[in-house]
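Trainee: I'll drop the sequence and a predicted model, then ask my questions.
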Amino acid sequence: MSMIYLNQAATTYPKPQCVLDAHTASLYQMPESQFRSETSSPAESIFDRCRHNIGKLLGISETDRVFFSSGATDSANAVIYGLHLKGKKVVATQTEHNSILRPLMNLRDQVGEVVIAPCDRRGIVDPKTVDQAITEDTAAVFVNHCSNVTGAVQDLEALGKVAAKHNVLFVVDASQSAGCIPLDVDKWGIDVLIFTGHKSLFGVQGTGGYYVRKGVPFRPYRFGGTGRDSRKIIYNGDDYEYELGTQNGPGIAALNAGISYILDRTVDRIAQKEQELMGKLYNGLKEIHNAEVYGSPETNKGPVLSFNIRGLLPTDAAYILQNGYDIVVRTGLQCAPLIHNSLGTAEHGTVRISISDLTEEEEIDILLNAIREIASSVEDEYETDRQD
C-alpha cells in the first residue's frame with residue numbers, strides 16, 4: 001500500500017477526480033475572469049455558479065454576499081480589518097486558530113480589547129461562558145466551529161442566540177467544518193462566515209472566501225481593479241467592492257467541482273462516514289495502554305483527533321509513523337496554541353490525525369496497528385530501563 005495520508009485537516013488528499021478534471025479543463029480553456037474576459041454569459045459564470053453552490057451547501061441565501069479570497073487566513077484578515085471594531089471589545093474562544101488570533105491581537109488600530117472565552121478539557125465552549133463575557137462595549141463574537149486540534153464541534157445555534165440576545169456580530173470560522181459538518185448560516189444567525197477551499201471542500205490551495213450579511217458595516221482592506229466600473233476611483237458611502245485583481249479562475253472551477261461533489265454525496269452522508277471512522281479510531285486508541293486521547297467522541301464530531309504516546313514526544317511519534325510505517329500525520333500545536341492550555345499539552349503539543357470522506361477503513365486499521373506497535377516498544381523500553 002502507498003503512503004497513508006492522515007493530515008486532511010491541513011489539506012485534503014486525494015481530491016475527487018471531478019476536482020482534478022475541472023482544474024485541468026479550466027487551464028486548457030480560454031481564461032475566465034469575472035467582469036473582464038468571460039467567455040460565457042454572466043449567468044453561466046463559474047464564479048456565480050460557485051457562489052450559488054456555496055449558498056446551497058452552507059445555508060446562505062444572499063449568495064452575492066459571498067466573496068472569494070486566497071483562503072481562510074486572507075479572509076480572516078479582511079474580515080477583522082473590515083468590520084467596525086476600532087475601540088470595541090471582541091470575544092473569541094480558546095479554540096481559535098492563529099488565523100483568527102493573530103489578526104485580532106496584532107491589528108491593534110482596528111480592534112480594541114480581546115477577551116478569550118475558555119473551553120473545557122474536551123474543547124467545548126459553554127454558551128453561558130460567552131454570554132458572561134459579553135459587555136456593553138462588545139462588538140463581535142468569534143467562534144471556531146470545529147477545532148483543528150480535537151475535532152470538538154461548537155453549538156453554533158446556541159451561540160448565535162447568545163450573540164443575537166446582545167445584538168453583537170456573530171463571526172464563525174468554518175475552515176474545518178465547511179463540507180463535512182452541517183451548517184446553516186441563515187438559520188443560526190451567522191453574520192460573517194470564513195471558509196477555506198483546500199480542506200473539506202476538496203478545492204485546491206489558494207482558494208477560499210467569506211460571507212458578510214447584508215447590512216453589516218464593512219469596508220475593504222485593499223483597493224484595486226475589479227472590472228465592474230473603471231470610472232469609479234473614489235468610493236462613496238459603503239458602495240465598496242471586495243474582489244480585487246484577477247481572481248483564481250482555475251481554483252474557483254476546482255472549488256466548484258469539490259462543492260458539487262459534496263452536494264451530490266450530501267454532507268450528512270460524509271459526516272456519518274467520517275464519524276464512524278473516528279469512532280473506530282477513538283475506540284482503538286483507548287485500548288492501547290500507552291496512548292492518551294484528548295477530547296471525547298460524544299463532543300468531538302469533526303474528522304480530527306489528537307493523541308500522544310506516553311514517554312514519547314509527539315514529533316518523535318510522527319517521525320516513526322512516517323519513516324517506519326509510511327503514515328503522514330501532524331504534530332505540535334497545530335497553529336491553535338490556546339486550546340493546548342486546556343488539554344495540558346502546551347509544551348510539546350499532540351499528534352493529530354485527520355481524515356476525509358476519501359479515507360478508507362483499512363487505513364485506520366493500519367494506523368492503529370502501527371500505534372500499537374510503537375506504544376508497546378516504548379513501554380518495553382521503559383520496563384527494561386526500570387529493571388536496569
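Mentor: Good, I have the coordinates. Numbering: from 1, shown residues only.

Trainee: tally up the residues packed near Q205, please.
Mentor: Residues contacting Q205 under the criterion other Cβ atoms under 10 Å number 15. From N, CA and C alone the C-beta is placed, and that goes for glycine too.

Trainee: correct me, but it touches G71?
Mentor: Yes. With contact defined as Cβ atoms under 8 Å, Q205 and G71 form a contacting pair (7.5 Å).

Trainee: and for those two, which residues touch both?
Mentor: Residues touching both Q205 and G71 (Cβ atoms under 8 Å, 6 or more residues apart in numbering) are 197-198.

Trainee: can you give me the helices in this structure?
Mentor: 17-28, 46-58, 72-82, 98-106, 127-133, 156-166, 249-265, 267-286, 314-325, 337-343, 361-387 (DSSP state H).

Trainee: buried sites along the fourth one?
Mentor: It refers to helix 98-106. Along helix 98-106, these residues count as buried under the neighbour rule (16 or more other Cβ atoms under 10 Å): 98-104.

Trainee: and if you look at stretch 356-363?
Mentor: Applying 16+ other Cβ under 10 Å to stretch 356-363 flags 356-359, 363 as buried.

Trainee: for stretch 329-348, same thing?
Mentor: Residues of stretch 329-348 classed as buried: 329-340, 342-343, 345 (neighbour count, 16+ other Cβ under 10 Å).

Trainee: what comes into contact with it?
Mentor: 6-7, 9-10, 94-99, 101, 116, 118-121, 123, 144, 147-150, 294-295, 306, 308, 313-315, 317-318, 321-322, 349-354.

Trainee: where does the stretch 251-388 of the chain dip in pLDDT?
Mentor: The stretch 251-388 of the chain contains residues with pLDDT under 70 at 379-388.

Trainee: hmm, try it at 90
Mentor: Filtered on pLDDT under 90, the stretch 251-388 of the chain yields the residue ranges 295-300, 377-388.

Trainee: before we move on, what about the stretch 1-150 of the chain?
Mentor: 1-2, 30-45, 108-109.

Trainee: what sits against V162?
Mentor: Taking Cβ under 8 Å, 6+ apart as the definition, contacts of V162 comprise 127, 130-131, 134, 141.

Trainee: show me which of those are buried.
Mentor: The buried subset of the contacts of V162 - by 16+ other Cβ under 10 Å - is 127, 130-131, 134, 141.

Trainee: okay, the residues you listed in CSV with distance to G197 next?
Mentor: Output for the buried ones among the contacts of V162, formatted as CSV (distance: Cβ to Cβ, whole Å):
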residue, distance to G197
P127, 29
V130, 28
D131, 33
I134, 32
V141, 25
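
Trainee: ok, of these, which one's closest to P31?
Mentor: Closest approach between the buried ones among the contacts of V162 and P31, by Cβ to Cβ: V141, at 40.5 Å.

Trainee: how near is the closest residue to C180 other than its chain neighbours to L343?
Mentor: Take C180 and drop its neighbours on the chain: the residue closest to it by Cβ to Cβ, 6 or more residues apart in numbering is S200, 4.1 Å away. According to Cβ to Cβ, to the nearest Å, S200 stands 23 Å off from L343.

Trainee: circling back: against V130, how distant is the residue nearest to C180?
Mentor: 25 Å.

Trainee: export the helices of the chain to TSV and append columns for distance to S230.
Mentor: Shown next, in TSV, are the helices of the chain (distance: least, Cβ to Cβ, whole Å):
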stretch	distance to S230
helix 17-28	25
helix 46-58	19
helix 72-82	22
helix 98-106	31
helix 127-133	45
helix 156-166	39
helix 249-265	20
helix 267-286	40
helix 314-325	51
helix 337-343	45
helix 361-387	52
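
Trainee: those helices: which one's closest to Q176?
Mentor: The nearest among the helices of the chain, by Cβ to Cβ, is helix 72-82 at 9.3 Å.

Trainee: packing partners of the closest one?
Mentor: Based on contacts counted as 3 or more Cβ pairs under 8 Å, 6 or more residues apart in numbering; DSSP states H and E, the elements that helix 72-82 packs against are strand 66-69, helix 98-106, strand 169-173, strand 192-196, strand 208-212.

Trainee: G160 is nearest to which of the ones you listed?
Mentor: strand 169-173 (5.2 Å).

Trainee: show me what that closest one is packed up against.
Mentor: Against strand 169-173 (3+ Cβ pairs under 8 Å, 6+ apart) you get helix 72-82, strand 138-144, helix 156-166, strand 192-196.
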